[in-house]
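Student: No sequence on hand, only this structure:
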């Protein structure tokens, strides 16, 4: 997730307070972004999840 761009959108375009922005779910932010013509990335696939968990295990290797 590109937090700097999301924060710029939330604070600049939507003019949300920090409390309002940080209380939103990613889905809510995505819906708001679509209202302004933004597209959201494709959902994570099973292979994406496997790769991500291999890169960032819950326990040290």
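Tutor: Received, thanks. The model shown is predicted, which means the values in this text are computed figures rather than measured ones.
Student: now the helices for the protein?
Tutor: For the chain, the helices defined by DSSP state H cover 3-8, 18-23, 26-35, 46-55.
Student: Need the winner for burial among these.
Tutor: helix 26-35 (a mean of 13; mean count of other C-beta atoms under 10 Å). The C-beta positions use only the backbone N, C-alpha and C, and glycine is treated the same way.
Student: Output the below-cut-off pLDDT ranges for this structure.
Tutor: Low-confidence segments of the chain (pLDDT under 70): 1, 40-41, 61.
Student: count of residues packed around residue 10?
Tutor: Residue 10 has 21 neighbouring residues, counting by other C-beta atoms under 10 Å.
Student: Just give the nearest non-adjacent residue to it, would you?
Tutor: Leaving aside its sequence neighbours, residue 10 sits nearest to residue 21 (C-beta to C-beta, 6 or more residues apart in numbering; 4.1 Å).
Student: dump the residue contacts of that neighbour.
Tutor: Residues in contact with residue 21 (C-beta atoms under 8 Å, 6 or more residues apart in numbering) are 7, 10-11, 14.
Student: what do you get for residue 51?
Tutor: So residue 51 contacts nothing (C-beta under 8 Å, 6+ apart).
Student: again, 10 Å this time
Tutor: Residues near residue 51 by C-beta atoms under 10 Å, 6 or more residues apart in numbering: 44-45.
Student: and the gap between it and residue 45?
Tutor: 9 Å (C-beta to C-beta, to the nearest Å).
Student: And for residue 15?
Tutor: From residue 15 to residue 45 the distance is 35 Å (C-beta to C-beta).
Student: what do you get for residue 55?
Tutor: Distance from residue 55 to residue 45, by C-beta to C-beta: 15 Å.
Student: swap in residue 58?
Tutor: For residue 58 relative to residue 45 (C-beta to C-beta), the value is 20 Å.
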